[in-house]
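Asks: This is a predicted model, with the sequence first.
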Amino acid sequence: MTINIRNKKEVYEKIKRLFEGGIKKIHVLSDFDRTLTQGTFRGKKTPSVISLLRDGNHLSEEYALQAHALFNYYHPIELSSTISFQEKKEKMDEWWEKHTKLLISEGLSIRDLEDIVYNGPVIIREKMREFLD
């Protein structure tokens, strides 16, 4: 397996901060590719956590407007078969960075995520409650 790292210094700095912060200060949200949730249930597509954040009532209306604007701009690029891999990768990195900053500025909290996962229309994968706890 080969792993390409664009900025090794930045990655090492992030890993260092993770270790310094300790396990009580780390939170993982990784559902863009259905890592945490099932994509379908009884033959019907289920929403992702990020789509529920974007469409739901957990963050402000301004967040929803900006998140939808990002989605509307970047999602067609993600699906495009005519854009080069390199350009698509750069745009997806750009989308991720902008949306992450938006989530941080909106004050996304673990309670928001717990509410979506435990009370929303999300079908979580087996053992996810234990993982999130």
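Replies: Everything's here; your move.
Asks: isn't Leu53 right up against Ala67?
Replies: Yes: Leu53 is within contact range of Ala67, at 7.3 Å (criterion: Cβ atoms under 8 Å). For every residue, glycine as well, the C-beta is placed using N, CA and C.
Asks: all strands for the protein, in order.
Replies: For the chain, the strands defined by DSSP state E cover 40-41, 44-45.
Asks: Ok, which of those strands comes nearest Trp95?
Replies: strand 44-45 (21.0 Å; Cβ to Cβ).
Asks: Sheet partners, orientation included, of the closest one?
Replies: Sheet pairing here is set by DSSP bridges, and for strand 44-45 it gives strand 40-41 (antiparallel).
Asks: now for the lowest-mean-pLDDT helix or strand in the chain, which elements pack on it?
Replies: Lowest on mean pLDDT, DSSP states H and E among the helices and strands of the chain sits helix 128-132, with a mean of 76. With contacts defined as 3 or more Cβ pairs under 8 Å, 6 or more residues apart in numbering; DSSP states H and E, the packing partners of helix 128-132 are helix 110-119.
Asks: Enumerate the positions of the helix it packs on that are buried.
Replies: For helix 110-119, burial by neighbour count (16 or more other Cβ atoms under 10 Å) applies to 112-113, 116-117.
Asks: buried residues in the lengthiest helix in the chain?
Replies: Taking DSSP state H as the criterion, the chain has its longest helix at helix 85-106. By neighbour count on 16+ other Cβ under 10 Å, the buried set for helix 85-106 is 88, 91, 95, 98-99, 102-103, 106.
Asks: Please determine how far the spatially most distant residue from the centre of the chain is located from Ile15.
Replies: In the chain, the greatest distance from the average C-alpha position (Cα atoms, centre = their mean) is reached by Thr82, at 24.9 Å. Thr82 sits at a distance of 36 Å from Ile15 (criterion: Cβ to Cβ, to the nearest Å).
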